[in-house]
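Colleague: Sequence and predicted structure are below.
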Amino acid sequence: MIEAIDLKKLSACIHCGLCLEACPTYRETGEEMSSPRGRLYLMRNYTEGTITATDPEFAKHELSCLVCRSCETACPSGVEFGVLMEQTRAILVEHGNGSISKKFIYSKLLQSKPLLKALQTATAIATKTGLTKLAAKLFSRSTSTGAAMSLAPTSISFPQSRPDLYRSNHPNGKRIGLLLGCIGDVFTSQVNDATIKVLNALGYDVDILPSVTCCGALAAHGGYLDVTRDLARQNVAVFKHDQLDYILSNIAGCGAMLKEYEHLLEGTSHADDAHLARNKTFDINEFLYLHHREDLRGLLGSSFSGKRIAYQAPCHLTHGQRIVNEPLELLRLLPGVETFALDDNELCCGSAGSYNIEHPEMGEALRKRKMRIIEDARPDIVATANAGCMLQLSKEHAMPVRHVIELLAEAIGRRN
């Protein structure tokens, strides 16, 4: 499918400039072309034929965007910048900015449970033997290889054999489909364990959707929208046929992508299935806040009493899904804790899917900015709600970084 930039969405920009200070790359560089307004200007030039898809400056500035979507929150005229950027990147891929390795990762690796298990096994061995630390020292952090090695957690568990269905001891008659995530379940499988534990405690049977591997978010951000659409069609078919009351994700980027299926498949034979799935889809923080605040209050023990917990907001939760206060309110259910949002919490930490690997210098600059804010706040624990943010903030730093759902699960464990 040949992509085109949506001119109606593009024309919504009124060039007011309110997006500038919301943009992480603009704040680092001060360059107009590294801002949302500048990137939209280049998109318009392309649609008008004054530049081509092979123009190096066009590719440079469009590919350097984090797609954090903070500009969408700041925009008074509702520019759908994320959609426009994915369309633009798809055009760039069509005109030679793709690669065989990326195509393999998005269309093969991330969709194959055997390949992902092999990756997890290899990475687990590398972390336990110190090979990742050695590789991080050998390769410059300004290279993609060095950046990738430095992101590896100090310890990764070996692949575990999961049952297809985790049954609750006190079932409420409802079943939840949990998207484990592709890379998320490799590097942060403990977050899925915690999610299952909390949902089981609340009476839900949890289906881990064994036939669903990847949501397609990384492929979409990379410009491989054909891969994303294929995954969307496959996944909504699974959601339709499995008897699920809800579909949940604990990874902000994945949840945002699942909620976009309805628009991605608009006008196709899968549109109705996508609409039905959208009505059942929630981020885990959103779901617990809406349906189980009081239930959790009765389950949570005081295992974190006296701790100061800072909340770092993932971009695709805040800007992509417009879920802002829910994680904070859940953390405030923990007895005896002081919980607060970090300053400048709308600003990206530099993870942004695979951005910190593909653009290591900018990714590292944004990480350091975020770490200075954390160090000034001096929390005991940093809580967040996205696997990528966890890896980025944990890099080379002793501060405990936990997912909100991990803290809730641990507090339930201490009470029971």
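Modeller: The structure has been received and is ready for your questions. Predicted model only: the values in this text are computed from it and were never measured. Numbering: from 1, shown residues only.
Colleague: Pretty sure residue 320 sits against residue 249.
Modeller: No. Using Cβ atoms under 8 Å, residue 320 makes no contact with residue 249, being 11.6 Å away. (C-beta placed from N, C-alpha, C; glycine too.)
Colleague: Mind listing the shared neighbours of those two?
Modeller: Residues within reach of residue 320 and of residue 249 at once, by Cβ atoms under 8 Å, 6 or more residues apart in numbering, are residue 255.
Colleague: These two: who's more crowded?
Modeller: residue 249 (29 against 25; other Cβ atoms under 10 Å).
Colleague: Tell me the confidence at the more buried one?
Modeller: Predicted confidence (pLDDT) at residue 249: the value is 97.
Colleague: Identify the residue nearest it in space, chain neighbours excluded?
Modeller: Nearest non-adjacent residue to residue 249, counting by Cβ to Cβ, 6 or more residues apart in numbering: residue 255, 3.9 Å away.
Colleague: for the one you found, what are its contacts?
Modeller: Applying Cβ under 8 Å, 6+ apart, the residues contacting residue 255 are 249, 281, 282, 283, 316, 317, 320, 321.
Colleague: any chance of those in CSV, with distance to residue 12 too?
Modeller: Listed next are the contacts of residue 255 as CSV, based on distance: Cβ to Cβ, whole Å:
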residue, distance to residue 12
249, 28
281, 26
282, 28
283, 26
316, 21
317, 24
320, 18
321, 20
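Colleague: ok, residues contacting stretch 352-359?
Modeller: With Cβ under 8 Å, 6+ apart, stretch 352-359 has contacts from 64, 66-68, 144, 147-148, 151, 217-218, 221-222, 253, 315, 350, 362-364, 367, 388, 392.
Colleague: One more pass at 6 Å, please.
Modeller: Here stretch 352-359 makes contact (Cβ atoms under 6 Å, 6 or more residues apart in numbering) with 66, 68, 144, 147, 148, 218, 221, 350, 363, 392.
Colleague: Which of the residues you listed are buried, as a PyMOL select command?
Modeller: Selecting only the buried entries of the contacts of stretch 352-359 in PyMOL, with 16 or more other Cβ atoms under 10 Å as the criterion:
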select buried, resi 66+68+147+148+218+221+350+363+392
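Colleague: Of the contacts of stretch 352-359, just say which sits nearest to residue 123.
Modeller: Nearest to residue 123, judged by Cβ to Cβ, of the contacts of stretch 352-359 is residue 148 at 10.4 Å.
Colleague: The closest residue in space to that closest one that isn't next to it in sequence is in what secondary structure piece?
Modeller: Sequence neighbours aside, residue 357 is the residue nearest to residue 148 in space, at 4.9 Å (criterion: Cβ to Cβ, 6+ apart). Per DSSP states H and E, residue 357 falls inside helix 355-358.
Colleague: Could you check the helix or strand following that helix and say which residues are buried?
Modeller: Where DSSP H and E defines the elements, the next helix or strand beyond helix 355-358 is helix 360-377. Residues of helix 360-377 classed as buried: 360, 362, 363, 364, 365, 366, 367, 369, 370, 371, 373, 374 (neighbour count, 16+ other Cβ under 10 Å).
Colleague: Kindly report the same for stretch 307-318.
Modeller: By 16+ other Cβ under 10 Å, the buried positions in stretch 307-318 come out as 307, 309, 310, 311, 312, 313, 314, 315, 316, 317, 318.
Colleague: how close does residue 381 get to residue 337?
Modeller: Here the criterion is Cβ to Cβ, to the nearest Å. By it, residue 381 lies 9 Å from residue 337.
Colleague: who touches both of those two?
Modeller: 307, 309.
Colleague: tally of neighbours for the residue nearest to residue 148?
Modeller: 19.
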